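Engineer: predicted coordinates and the sequence they were generated for:
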Amino acid sequence: MSNSNADQDRARLLRKHLRRLQQRIDLLQPRSNRYSWLRVLVFGVGLAGSALLLYTLGAWFFWGAIVLTFVLFGMVVYLHNQLETALQQLGALQAIKRTQLARIALDWNGIPPERQPLPRYEHPFEADLDLVGPRAVHRLLDSTVTHQGSQTLRNWLTATDPPTHTVLLHRQSLVCELIPRIHFRNKLQLYGELLIKEGGPWRADRLLEWLQPHTSITALRRWVIGLSGLAILNALLFGLYWFGLLPPWWQATVGVYALLYFWHGRTLSHTFEEAKTLEEDIARLGGVFGHLERYGYHGAPTLRSLCSPFLTGEHRPSHYVRRLSRIVVATGVQGNPVLALLLNAPLPWGLIFAWRLEEWKRAVATDLPQWLAVWSELEALSALAGYGWLNPQTTFPHFQSDENLPVFTGQGVGHPLLPNDHKVRNDFTVNQLGEVAVLTGSNMSGKSTLLKALGVNLALAYAGGVVDAQALTTLRFRLFTCIKVSDSVTDGISYFYAEVQRLKALLDALATPIIPQQSFVPHFSVQKWDKTLLDKSMELPLFFAIDEIFRGTNNRERLIGSRAYIRALVGQRGIGLISTHDLELVKLEEEVAGVTNYHFRDEIVEGRMEFDYQLRPGPSPTTNALRIMALEGLPVA
């Protein structure tokens, strides 16, 4: 099956799902509307009937009718809320499916906007390879709903130190198990989407901050015990007074009780506000965690192992959520002054549940961060798996460690950010470390795209996901690129100087285990080289890509500098590609062992430039700059 047909099959399946969801919504929406009118009808008729009974049959019938009205009204409200929840979930699921269709078609208007900051130009390859940005790989993949999940995905894609073989194989196993589990991934995203408010990613910061103790549990327990004892004394003294056995001493003890109780008014108010503010988030978290608890994990042992914190006895989230729900309901009465007085008068109701809330926070404080961490990792893994499912032409890379074998072999390599029906795939192999490929070819022929395609697929491979290739076998490389170099007018840095600094950092990363010294750092904000971003495992070889080397200077000096720079790269512990318009550089293949020439071709057909974007061995036989100028009507000598 061709890549185009496979994509069309995925798109047809998603459109079929969308039609079914719309049919379900069309069925439920009228029911919801009827329940809205039924609520009004039950409430209005119930009150009117109760009033009529009061004047005709008496108070007992009135109160019976009132109770029946509120019971019926509560049932209608409950059923209506169930329908509204189902409609909300169906709508969110529709949005997820539409976004998946947009990801297949690379319709950026239909893909949610990038939620990560702008790309870091000081990073060895993040900006150069379009991994982060408005039309970037991270945005194409990012189906996460939490800030932590989105950041985890970014960290994996831009890791300067590739994970170990063990970690890579573990991630691949998880992604492989997740790819066919569409329902699992969609449900995980759906329940997460219900947490989002005002369009931003859900953040766990407030929830984790809430778990920090605000009041001493020991002190609260002492006050609860003391006030409970005083409440019992109040009841005893009042009972003895009622039967005429003692004077009204209970008035004094009740006064002391009230004074001591309201001394803790701030604690009670804080408990009520905390519980009320976070009740909705906790309930919705229960949806995410409940999904992870209930899922069967049949045939997915690695996924089950990752989700084991959700499956362990009393440490299951549902156990804690049920306890918290009871506390939230109990503390919620503080919002009703009359009910609060009735409950707090005979016993320290609010203080008891403030104490229970602090105990709950202490109990869950060790488990919740672990649940959130697993959820974040699952989101990142699901994003990688979702890309694999939406793009059936992708495959898992193979990692090898034998440097005597070809160190990099890519067959049918494509760029993930190009549509499949316009994508041209190329093969590229490097047999041993120390080799450098020189790419020549006309403008717009595909040189930069090939550099980025190889780099992006390596970034996807080291994240643990699939790659856009028919097959890819590689060593674990550190990545370093010099593709998007920009000057800084405000800091007085020219384009050429910025490029020199970038190439010097690349050479340092390739040639020595020592992190480049500060003397090599350009002193301006945009291109500032952050030495903390360098790979700590400098024993790993480097994969580098340089686009239009030394483009910021004149032809003569560019040629001299390029020849010297390429000679410095050859034979080092790394491999790379360098694109150039200087055809003189192709002579290095005859002068230096380890340099290999490749090129892209073009031709003029009926007055138009045409490219086949196929990589070929050898130097480019043509150039097209003058032809492009002539075709556009510019004077050419």
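Structural biologist: It's in.

Engineer: pull the contacting residues for the nearest residue to Ala11 once chain neighbours are set aside.
Structural biologist: Excluding the flanking residues, the one nearest Ala11 by C-beta to C-beta, 6 or more residues apart in numbering is Ile104, at 5.5 Å. Every C-beta, even on glycine, is put in place using the N, C-alpha and C of the backbone. Contact analysis of Ile104 by C-beta atoms under 8 Å, 6 or more residues apart in numbering lists 7, 10-11, 14, 390-391.

Engineer: mind listing what's buried along the helix or strand hosting Leu303?
Structural biologist: If you go by DSSP states H and E, Leu303 is part of helix 301-306. By neighbour count on 16 or more other C-beta atoms under 10 Å, the buried set for helix 301-306 is 302-304, 306.

Engineer: closest one of these to Arg502?
Structural biologist: Checking the buried residues of helix 301-306 against Arg502 by C-beta to C-beta gives Leu306 as the nearest, at 38.6 Å.

Engineer: would you mind measuring from the closest one to Ser382?
Structural biologist: 12 Å (C-beta to C-beta, to the nearest Å).

Engineer: what do you get for Leu27?
Structural biologist: Using C-beta to C-beta, Leu27 is found at 29 Å from Ser382.

Engineer: now Phe310
Structural biologist: Counting by C-beta to C-beta, the separation of Phe310 from Ser382 is 15 Å.

Engineer: which residues in the stretch 451-600 of the chain form strands?
Structural biologist: Taking DSSP state E, counting those that start in this stretch, the strands of the stretch 451-600 of the chain run over residues 471-474, 478-482, 542-546, 574-579, 595-600.

Engineer: can you list the strands that the third one pairs with?
Structural biologist: Strand pairing for strand 542-546, determined by DSSP bridges: strand 478-482 (parallel), strand 574-579 (parallel).

Engineer: tell me the mean pLDDT over the longest one?
Structural biologist: Yep, that's strand 574-579 we're talking about. Mean pLDDT, strand 574-579: 94.

Engineer: what does it contact?
Structural biologist: With C-beta under 8 Å, 6+ apart as the test, strand 574-579 has contacts from 407-408, 430, 433-441, 447-448, 450-451, 454, 477, 510, 541-549, 562, 566, 569.

Engineer: next one: stretch 306-317
Structural biologist: By C-beta under 8 Å, 6+ apart, stretch 306-317 touches 174, 285-286, 289-290, 292-293, 295, 297, 304, 367, 370-371, 374, 377-378.

Engineer: residues near Leu38, how many?
Structural biologist: Residues lying near Leu38 (other C-beta atoms under 10 Å) number 16.

Engineer: does the residue nearest to Ala11 lie in a helix or a strand, and which?
Structural biologist: helix 59-105.

Engineer: how about the helix or strand that that helix is followed by as CSV, C-alpha atoms only?
Structural biologist: Using DSSP H and E, the helix or strand that follows helix 59-105 in sequence is helix 137-141. The C-alpha trace of helix 137-141 is given here as CSV (Å, rounded to 0.1, in the frame of the first residue of the first chain):
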residue,chain,number,x,y,z
VAL,A,137,7.7,19.0,14.9
HIS,A,138,6.7,19.5,18.5
ARG,A,139,3.5,21.2,17.6
LEU,A,140,2.7,18.5,15.0
LEU,A,141,3.0,15.7,17.6
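
Engineer: enumerate the positions of stretch 551-564 that are buried.
Structural biologist: 552-553, 558-559, 562-563.

Engineer: identify the residues contacting Ser620.
Structural biologist: Taking C-beta under 8 Å, 6+ apart, we find Ser620 in contact with 440-442, 583, 586, 599-601.

Engineer: low-confidence stretches in the stretch 501-637 of the chain?
Structural biologist: Along the stretch 501-637 of the chain, the parts satisfying pLDDT under 70 run over 512-538, 606-607, 623-626, 629, 632-633, 637.

Engineer: any chance you could map the helices in it?
Structural biologist: 555-569, 588-591, 625-631 (DSSP state H, counting those that start in this stretch).

Engineer: tabulate these (JSON lines), appending distance to His422.
Structural biologist: Converted to JSON lines, the helices of the stretch 501-637 of the chain look like this (distance: least, C-beta to C-beta, whole Å):
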{"stretch": "helix 555-569", "distance to His422": "32"}
{"stretch": "helix 588-591", "distance to His422": "32"}
{"stretch": "helix 625-631", "distance to His422": "21"}
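
Engineer: average model confidence for stretch 398-412?
Structural biologist: For stretch 398-412, mean pLDDT is 94.

Engineer: what about it, start to end distance?
Structural biologist: Using C-alpha to C-alpha, to the nearest Å, the end-to-end distance of stretch 398-412 comes out at 15 Å.
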